[in-house]
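Visitor: I'd like to go over a predicted model; first the sequence, then the structure.
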Amino acid sequence: WEIVLHLIRKLAALHQEKPEPDPETWYVQKFGEPPDYSKLLDRLTSTSAERMTLLKSYFEPDEEEKEQGLKLPTPAHRAIAKLVKLGCFRMILTTNFDRLIEKALRDEGIEPDVISNEDDLKGALPYIHSKCYVVKLHGDYLDTRIKNTKSELSNYSSELNAFLDRVFDDFGLIICGWSGTWDIALRKAILRSPNRRFSTFWLAKDSPSEEAKKII
């Protein structure tokens with residue numbers, strides 16, 4: 001949400017207007033709708049390369065931020081990495097395109113096989129032979145092919161869909177920190193899975209969203 005507010009301020013600057021003290025209210029009055037992350041990116045950038053450049057500053061800590069412990073793996077990232085080290089699971093699907101989970105895993109001495117695009121998928125070791133498979137469904141922030149607008153999140157490639165169909169058929173799921181709201185293609189992949197061989201567990205901080213309830 002802080003990134004959304006920061007993007008609103010950038011957009012207001014382009015219109016030579018001041019959004020303070022309430023950037024959200026400025027946005028609603030200006031565009032007649034609540035601020036939407038996807039639409040903000042569309043209004044601020046024209047290409048995926050521009051989006052990558054814009055988003056880069058939000059993910060890479062400078063020296064001062066490192067000293068403050070900002071933009072570094074959280075206790076949640078480190079807990080997941082420890083569970084991988086303990087052998088509890090070895091497949092991680094993430095909708096994030098930062099590198100915090102990879103850093104947490106490497107801090108535990110685990111070098112993951114990272115899949116962030118279709119080319120990686122074609123050349124990667126089969127997941128059955130991997131100690132830890134990290135699949136970044138929406139790409140990596142340093143790759144211009146990141147998916148984060150609504151249209152980009154609506155459909156996956158045939159290769160990624162085929163991969164997810166195998167994964168959801170072969171494994172149960174522990175879903176953690178996912179709202180289920182924005183990722184239309186991922187929802188489709190879960191819902192079309194023909195079998196439920198293993199249990200799914202859904203961890204939610206608050207009440208699940210309506211989209212999440214439909215999946216559950």
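Guide: Cool, got the structure. Quick caveat, the model's predicted, so the values are computed rather than measured.

Visitor: okay, now the unreliable bits of the protein?
Guide: Within the chain, no range satisfies pLDDT under 70.

Visitor: for it, which segments count as helices?
Guide: Per DSSP state H, the chain carries helices over the ranges 2-14, 23-31, 37-44, 48-59, 63-67, 75-85, 100-107, 118-123, 150-154, 158-170, 184-191, 210-215.

Visitor: most neighbours per residue, which of those?
Guide: Per residue and on average, the most neighbours among the helices of the chain fall to helix 100-107, with a mean of 19 (mean count of other Cβ atoms under 10 Å). Where C-beta positions appear, they are placed from N, C-alpha and C, glycine not excepted.

Visitor: picking that back up, turn the helices of the chain into a markdown table, columns for distance to W178.
Guide: A markdown table is the format used below for the helices of the chain (distance: least, Cβ to Cβ, whole Å):
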| stretch | distance to W178 |
| --- | --- |
| helix 2-14 | 18 |
| helix 23-31 | 24 |
| helix 37-44 | 15 |
| helix 48-59 | 19 |
| helix 63-67 | 26 |
| helix 75-85 | 12 |
| helix 100-107 | 14 |
| helix 118-123 | 21 |
| helix 150-154 | 13 |
| helix 158-170 | 14 |
| helix 184-191 | 8 |
| helix 210-215 | 8 |
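
Visitor: which stretch among these comes nearest S130?
Guide: Closest of the helices of the chain to S130 is helix 75-85, at 11.0 Å (criterion: Cβ to Cβ).

Visitor: what helices or strands is the closest one leaning on?
Guide: helix 100-107 (3 or more Cβ pairs under 8 Å, 6 or more residues apart in numbering; DSSP states H and E).
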